[in-house]
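Trainee: Kindly return the folded structure for what I paste below:
(chains A and B)
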Amino acid sequence: MNGPRAPGGLVIEPPRGRPDPAVVPNLHRAAGNWAAHRANASGRVDWEEWRERARAVRADAVRNLPELLELLEARVVAAGGHVHHAHDAEQARNHIVRICHEAGATRAVKGKSMTSEEIDLGTALAQAGIEAVETDLGEYIVQAMGDRPSHILAPAVHLSAGQVADLFARESGRPFDPDDTAALVGYARGVLRRRFLAADVGITGVSLAVAETGTLAIVESEGNIRIATALPRIHIALMGIEKVIRDWEGAGHLLQMLPLAAHGTLAAASTSFITGPARNGDDGPSQLHLVLLDGGRSAIRGTAFEEALHCIRCGACLYACPVYRQVGGHGYGTTYSGPIGAVITPLLSSEGDADALPGLSSLCGACVEACPVKIPLDDQLVMLRARTHQRDPARGEAALFAAWARLWSRPSAYRATAATAGRALRPLWSALARDGWQRRAPFPFSGWTDSRDARSPDPEPFHLRWRRRRGGSG
Amino acid sequence: MAAAESKDQLLSQFRARLEELDASLHEAPSLAAARAAARELIGGATVARWRDEALDGIVEHGQEAPAVDAEVSLILADVAVAGTGAVGFAHRAGRPRSAGVLPPRQVILLGAADLVADVASALRHVGLQAGDAALPGNVVFVAGPSRTSDIEQRSIRGVHAPREVAVVIFLG
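Mentor: Take a look at the predicted model:
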């Protein structure tokens, strides 16, 4: 996070590629498509009942997380896989680099995984001398541009076809027509096919893990996960610990909810169910490594924010959010964007450096309606805003407002102080105001005007004006 | 998706779903007829095939090619979901993952007895349940061709996995 730092710690980082006016129309088109598909698909099922079932499956999983993780580990090991625990991002990176080194693996193909973005795996692999190529088309484009994904499911939604055509032309030395999408996809397919055939290791995320049999389920559209778990001799799956669920009944339901919520389709283009490494003449990887990342998740359990762990990473709340649709994923400056990103990023971070993210929301509640597991995102955003102010005593803002609320809750105290305050502050404020607006108010109000303008106080308070209008009877 | 739906209802639902998914469905009264339909779909293309007996007699030996070079993959489904259009298959000896995913075109044979109503039934049907000693180590469900909308939301069929999928269902 190297971008300019706005007041309150919010990082505003522009995309690293050439700025392109297509970004916002792209986002609006994507959001429009999503809404249309979703309306169509959710009309085919009892959407509210399905959401409630999905919520119950995730609630059971998160409530019983330690027990289910223990069961998952036992089953994965029984199936011949290896399980590695990572308390934080660094441990997860170290596990993955060590597995590669021990196997003599230097060429990796990666499936799309926001968890790998969360731990900044790409940088660690490059430093360790492991060549890792993203194989999801959007991720491949973003990686080749030196950019970062801007949506959980559509990493390159902020880029235009013209930018992609320019990139591929630079890579290949031959021109591409931005309108010939099939040619662009065909080129990437060819490049990546060679990478797949040469790879020693496939690194993927996990959509959900079924504890009772130790099975990893991975959902995708392009088929890159299938190849990354077919050709390389080693499969490393990186998973946030909250992705485990109890049983196949829950799995069947969530795996239908995920494509419905994400794309409005009844089934994902492909879903892989992986239980252990390949055996008995199956041609898949001979080693399966499951890396379980805590990364601050355990600390959220048992708090008022526990439901944030129910997220199945469908991306619906991003497209539903009016703020995301305007600023895009990069506007948040963090791995996870949109309403769920604004909730989990400050929760997963111990630094307090993401505390301003919950401000990137209008609290309109569209995200709550869109969420297939009914996370109360609006309530959580409000609670996080409150938490930030409570634990920032240096600015004294919370204490000031608490005192002000107590004082002005009493009509007599309000009447006694409001007019006086307005008159007393007037000389000071008018020196700083322009057209009746404060761009920089004096302390202690300066925190407020660091990020927005304030109206200058009126010397005559509202209650006096009201009394005058009513003829002194109020 | 009631449990007691007739085979005809399941088939018409499956047909509608495949149409939405941009996959083709070919209906054959018997396995022999399904083999003939598959042969016609494949034509003279090179083929990577699974070793299932049901797939015998469809391609000439000289037509076969390694998965990485083949134009068509010929595989047998273990289950299909009428409600979603998804087709599921387990990988094991004689049914390599590479042959199922690398070629750009795919022909999938499916017995009508393996067409079930919903996802939950399909998972059980293919052995993905607790306490199943024969739980398959690797199962993939596919719903139509592989696809992407990563470039300006334009929907394109065929990325890394097959771009054309034909399902041949046999009733006998």
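Trainee: What does the pLDDT read for the residue of the stretch 101-250 of chain A found nearest chain B?
Mentor: Nearest residue of the stretch 101-250 of chain A to chain B: A:G223, at 2.5 Å (C-beta to the nearest C-beta). No exception for glycine: its C-beta is placed from N, CA and C like everyone else's. The score at A:G223 is 96. That number is its pLDDT.
Trainee: swap in A:R391?
Mentor: pLDDT, read off for A:R391, is 75.
Trainee: cool, and A:I227?
Mentor: 97.
Trainee: Which residue is the nearest non-sequential neighbour of it?
Mentor: A:F196 (4.9 Å; C-beta to C-beta, 6 or more residues apart in numbering or on different chains).
Trainee: hang on, the one you found packs against A:G111?
Mentor: No. The criterion here is C-beta atoms under 8 Å, and A:F196 misses it with A:G111 at 11.0 Å.
Trainee: Find residues that contact each of those two.
Mentor: Common contact partners of A:F196 and A:G111 (C-beta atoms under 8 Å, 6 or more residues apart in numbering or on different chains): A:135, A:228.
Trainee: Of those two, which one has the most company?
Mentor: Neighbour count, other C-beta atoms under 10 Å in any protein chain shown: between A:F196 and A:G111, A:G111 has more, with 27 against 23.
Trainee: That one - nearest residue in space that isn't next to it in sequence?
Mentor: Nearest one to A:G111, counting by C-beta to C-beta, 6+ apart, is A:T204 at 3.8 Å.
Trainee: Repeat that for B:A143.
Mentor: Using C-beta to C-beta, 6+ apart, the closest residue to B:A143 is A:A267 (3.7 Å).
Trainee: for B:P29, same thing?
Mentor: Closest to B:P29 by C-beta to C-beta, 6+ apart is B:L171, at 5.5 Å.
Trainee: Can you give me the separation between A:H389 and A:S350?
Mentor: To A:S350, A:H389 is 18 Å away according to C-beta to C-beta, to the nearest Å.
Trainee: Looking at those two, which has the bigger crowd around it?
Mentor: Per other C-beta under 10 Å, whichever of A:H389 and A:S350 has more neighbours is A:H389, with 16 against 10.
Trainee: Check which helix or strand that one maps to.
Mentor: helix A:377-390 (DSSP states H and E).
Trainee: thinking again about what came up before, partner residues bridging the residue nearest to A:G111?
Mentor: A:A237 (DSSP bridges).
Trainee: Tell me where chain A is predicted with low confidence.
Mentor: Applying pLDDT under 70 to chain A flags residues A:1-23, A:392-403, A:406, A:419, A:421-422, A:425, A:428-432, A:442-445, A:459, A:472-474.
Trainee: ok, now with 50
Mentor: For chain A, applying pLDDT under 50 flags the ranges A:1-19, A:395-396, A:474.
Trainee: Got the domain ranges for it?
Mentor: Following automatic domain parsing, chain A resolves into domains at A:14-299, A:397-469.
Trainee: which residues of chain B fall in helices?
Mentor: Listed in chain order, the helices found in chain B under DSSP state H are B:7-21, B:31-42, B:97-101, B:119-125.
Trainee: which other helices and strands contact the last one?
Mentor: It refers to helix B:119-125. In terms of contacts (3 or more C-beta pairs under 8 Å, 6 or more residues apart in numbering or on different chains; DSSP states H and E), helix B:119-125 is packed against helix A:248-263, strand B:79-81.
Trainee: What of the second one?
Mentor: Other helices and strands packing on helix B:31-42, by 3+ C-beta pairs under 8 Å, 6+ apart, are strand B:24-28, strand B:72-76, strand B:105-111, strand B:164-170.
Trainee: With mean pLDDT added, can I get the ones you listed in a markdown table?
Mentor: Shown next, in a markdown table, are these (pLDDT from 0 to 100):
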| stretch | mean pLDDT |
| --- | --- |
| strand B:24-28 | 97 |
| strand B:72-76 | 98 |
| strand B:105-111 | 98 |
| strand B:164-170 | 98 |
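Trainee: Kindly reformat those as JSON lines containing mean neighbour count and distance to chain A.
Mentor: Formatted as JSON lines, the helices and strands packed on helix B:31-42 follow (neighbours: other C-beta atoms under 10 Å in any protein chain shown; distance: least, C-beta to the nearest C-beta, whole Å):
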{"stretch": "strand B:24-28", "mean neighbour count": "17", "distance to chain A": "15"}
{"stretch": "strand B:72-76", "mean neighbour count": "24", "distance to chain A": "12"}
{"stretch": "strand B:105-111", "mean neighbour count": "24", "distance to chain A": "11"}
{"stretch": "strand B:164-170", "mean neighbour count": "23", "distance to chain A": "10"}
